[in-house]
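Chemist: give me a model of this one.
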Amino acid sequence: MKPQRLLVVSLLLIALVAVIVLWFAPRLSRTPTLSGYVEGEALYLSTPIAGRVDQVLVQRGDRVTAGQRLFVVDPVQLEAQRDEAGAELSTAQAQASDARKGQRPVELAIFDANVAAAEASARDAAANLRRVRPLVEKGVFAKARLDDAQSTYDAAEAQVRAAHRQRQAAALGSREDQIRAADSRVRQTDAALVAANARLSDGAPLAPVAARVEDVFFQSGEWASANQAVVALLPDDKVKLRFFVPERQINAYRPGALVTFTCDGCQDGMTAKVTYISPRPEFTPPVIYSREARDRLVYLVEAKPSVLLNPGQPVDVQPLGPVQ
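Modeler: The predicted structure follows:
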């Protein structure tokens, strides 16, 4: 009986060892990973003006490129404001140009005629003075006659000088202060036109970056308040991995380091570049729950993946540092 008993004990020991091996083998062979998930930061597009949504040019799930128009809020009023500002600018520019010009040719012709008349009077006065002077010297006329002729000539010469100066002044533009005021008016109306164009652009936003349309909150014909989101975008560069590194391994992580990760249904060999490491530790958050990770002090790490993923996907990240 003794050999049989030994055989039974041996078989029991072998079975026990096999159970232990089968129990611990998966845990010994399993590669430890860090738990995480894909996070996306949405970009909410709105307008600073209230109005009726005239067009919605995208749908939920669409891909958009940078510079693509997303929606249009009623542009009629904004276009009218832009046209009004443009008309005011044209008026101000015309006034500034006119301020630098003299009077019209017809008006200048009147001054030319005045100059010609003054010169003719001066010639007559000069001729009369030349006739009177020798007669006075001969005693035919009294000296008072010469004085009158001289006064008439001097007055005629003064009229000629005055007519010339009036003609020169008529050819000049406005005073410098008036010209500066006209230029300031041009700058003012130009700024108003720029502002009107900016408001018109704000009423029809463009996608700032390549992105996916996460949601559309309004349809054509609905009224949107100022600064109320109409479309939500999920930019490609705002999709990232968020995973949690145990306190003993955090020193192995630096911004710019590459980590490899896997997810269900994803291709092999995916990598992500570390972009952020939290300076404060925390206990494993409830969203990341596993028997191995619970109640462990961890640090949040964010990384930019090399492929486009969907927010909410759980991922397993291969640790950089030694596993404790």
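Chemist: in the stretch 1-150 of the chain, which spans are strands?
Modeler: 34-40, 43-45, 51-56, 63-64, 71-73 (DSSP state E, counting those that start in this stretch).
Chemist: single out the most deeply packed of those.
Modeler: Across the strands of the stretch 1-150 of the chain, averaging neighbours per residue (mean count of other C-beta atoms under 10 Å) puts strand 71-73 on top, at a mean of 22. Quick note: C-beta positions are derived from backbone N, CA and C, even for glycine.
Chemist: quick one: secondary structure of residue 310?
Modeler: coil (DSSP: H, G, I helix; E, B strand; the rest coil).
Chemist: so who does it touch?
Modeler: The contact partners of residue 310, taken as C-beta atoms under 8 Å, 6 or more residues apart in numbering, are residue 38.
Chemist: now it: how far from residue 214?
Modeler: 11 Å (C-beta to C-beta, to the nearest Å).
Chemist: do the same with residue 231
Modeler: 8 Å.
Chemist: is residue 201 in a helix, a strand, or coil?
Modeler: Going by three-state DSSP: residue 201 is helix.
Chemist: number of nearby residues for it?
Modeler: 12 (other C-beta atoms under 10 Å).
Chemist: kindly report the same for residue 131.
Modeler: With other C-beta under 10 Å as criterion, residue 131 counts 12.
Chemist: tell me the pLDDT of residue 46.
Modeler: At residue 46, the model reports a pLDDT of 90.
Chemist: show me the contacts for it.
Modeler: 205, 224, 226-230.
Chemist: for whichever helix in the chain runs longest, packing partners?
Modeler: Assignment by DSSP state H gives helix 105-138 as the longest helix of the chain. When contacts are defined as 3 or more C-beta pairs under 8 Å, 6 or more residues apart in numbering; DSSP states H and E, helix 105-138 packs onto helix 143-171.
Chemist: picking up where we left off before, neighbour count: residue 231 and residue 214, which is higher?
Modeler: The residue with more neighbours, out of residue 231 and residue 214, is residue 231; 26 against 17, by other C-beta under 10 Å.
Chemist: quick check: closest non-adjacent residue to residue 240.
Modeler: Spatial nearest neighbour of residue 240, chain neighbours left out: residue 302 (5.1 Å); criterion: C-beta to C-beta, 6 or more residues apart in numbering.
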